[in-house]
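Enquirer: 3D model of this:
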Amino acid sequence: MVKVDGSGSQSSLIQARDLDKTYRRGGEEIDVLQGLNLDVEAGEFVAFMGPSGSGKSTLLNLLGGLDVPTRGRITVAGDEITHMSSGRLTEWRARHVGFIFQMYNLIPVLTAFQNVELPLLLTKLSKAERRSHVETALGVVGLSDRMNHYPRQLSGGQEQRVTIARAIVSDPTFLLCDEPTGDLDRKSADDVMTIIEELVGRHHKTVLMVTHDPVVAARASSILHLDKGVLVEGKHTTPLTGAGGVA
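Expert: Model (predicted):
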């Protein structure tokens, strides 16, 4: 179960201890996160809510190695990422983290297949192995019949599903989702959330998601609230279960 008081097990997949994040704006210091503790077990689906400016996206960026804390440490699957060199951190992100953002960030001149394949081009996988991984990921999100389509030929919901396929194609340790349904209508948002639930329940992925939408947040197994850089526990629901694997 997710913990925010620093009392989690040493075996927790994700551990954050005493995290502070301060930004300087001119001569002013802005404290975004203050003494934050977090423990997330493998296979959990956690939603972060809170007002704009409360530090939700900052926390995701820290956990994904896109930013570094002013103070404190972060350990993921036994690796302390807080003091890694930029080169090691880049390798660590490629191996462990799948990112899903509100904006799809697809390359318009590449097909869905080619967009999903991008993270694999830096690996040692053969062309045939890359094709197998991409086809599996697109199958998971229900877009096997759209793999040769370009982003302009897809709906917003389909574009976000391509983004999800790209995030899972390398079989990362966990997924970070920053407002993954923020640009979608309710039907498309529900479809995307069903896929994310299946990634947790059937494929045992760990998912941390930022959202402003209480309907979306309610589909997570735990809801945590950030307010002025402080994290508090919210609702816990029955964890998702299932069997299977992604690639």
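Enquirer: okay, CA-based contacts and neighbour counts for the rest of this
Expert: Noted.
Enquirer: which residues are contacting stretch 114-134?
Expert: 94, 106-107, 113, 162-163, 165-167, 169-170, 247 (CA atoms under 8 Å, 6 or more residues apart in numbering).
Enquirer: just the CA coordinates of that stretch, formatted as PDB?
Expert: Presented in PDB, the C-alpha positions along stretch 114-134 are these (Å, rounded to 0.1, in the frame of the first residue of the first chain):
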ATOM      1  CA  GLN A 114       7.600   4.300 -36.400                       C
ATOM      2  CA  ASN A 115       6.600   6.600 -33.500                       C
ATOM      3  CA  VAL A 116       6.300   3.600 -31.200                       C
ATOM      4  CA  GLU A 117       9.600   2.100 -32.500                       C
ATOM      5  CA  LEU A 118      11.600   5.200 -31.600                       C
ATOM      6  CA  PRO A 119      12.700   4.300 -28.100                       C
ATOM      7  CA  LEU A 120      14.000   0.900 -29.400                       C
ATOM      8  CA  LEU A 121      16.300   2.400 -32.000                       C
ATOM      9  CA  LEU A 122      18.900   3.100 -29.300                       C
ATOM     10  CA  THR A 123      18.800  -0.500 -28.100                       C
ATOM     11  CA  LYS A 124      20.600  -3.600 -29.400                       C
ATOM     12  CA  LEU A 125      17.400  -5.300 -30.600                       C
ATOM     13  CA  SER A 126      17.400  -6.600 -34.100                       C
ATOM     14  CA  LYS A 127      14.900  -5.200 -36.700                       C
ATOM     15  CA  ALA A 128      12.800  -8.300 -36.300                       C
ATOM     16  CA  GLU A 129      12.800  -8.000 -32.500                       C
ATOM     17  CA  ARG A 130      11.900  -4.300 -32.700                       C
ATOM     18  CA  ARG A 131       8.900  -5.200 -35.000                       C
ATOM     19  CA  SER A 132       7.700  -7.800 -32.500                       C
ATOM     20  CA  HIS A 133       7.800  -5.400 -29.600                       C
ATOM     21  CA  VAL A 134       6.100  -2.600 -31.500                       C
END
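Enquirer: Please point out which parts of that stretch sit buried.
Expert: Neighbour counts over stretch 114-134 (16 or more other CA atoms under 10 Å) mark 114-120, 130-131, 133-134 as buried.
Enquirer: In TSV: those, plus distance to D67.
Expert: Output for the buried residues of stretch 114-134, formatted as TSV (distance: CA to CA, whole Å):
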residue	distance to D67
Q114	28
N115	25
V116	24
E117	25
L118	23
P119	20
L120	23
R130	29
R131	32
H133	29
V134	29
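Enquirer: Which of the residues you listed sits closest to D20?
Expert: D20 lies nearest to P119 out of the buried residues of stretch 114-134, by CA to CA, at 30.9 Å.
Enquirer: Is it correct that the closest one falls within a strand?
Expert: No. Read with DSSP: H, G, I helix; E, B strand; the rest coil, P119 is helix and lies in no strand.
Enquirer: got a winner among the contacts of stretch 114-134 for most neighbours?
Expert: Neighbour tally across the contacts of stretch 114-134 (other CA atoms under 10 Å): the maximum, 30 neighbours, falls on A165.
Enquirer: Validate this expectation: it resides in a helix.
Expert: Yes. A165 forms part of a helix when assessed by three-state DSSP.
Enquirer: what's the lowest-pLDDT member of the contacts of stretch 114-134?
Expert: Sorting the contacts of stretch 114-134 by pLDDT puts A247 at the bottom of the list (41).
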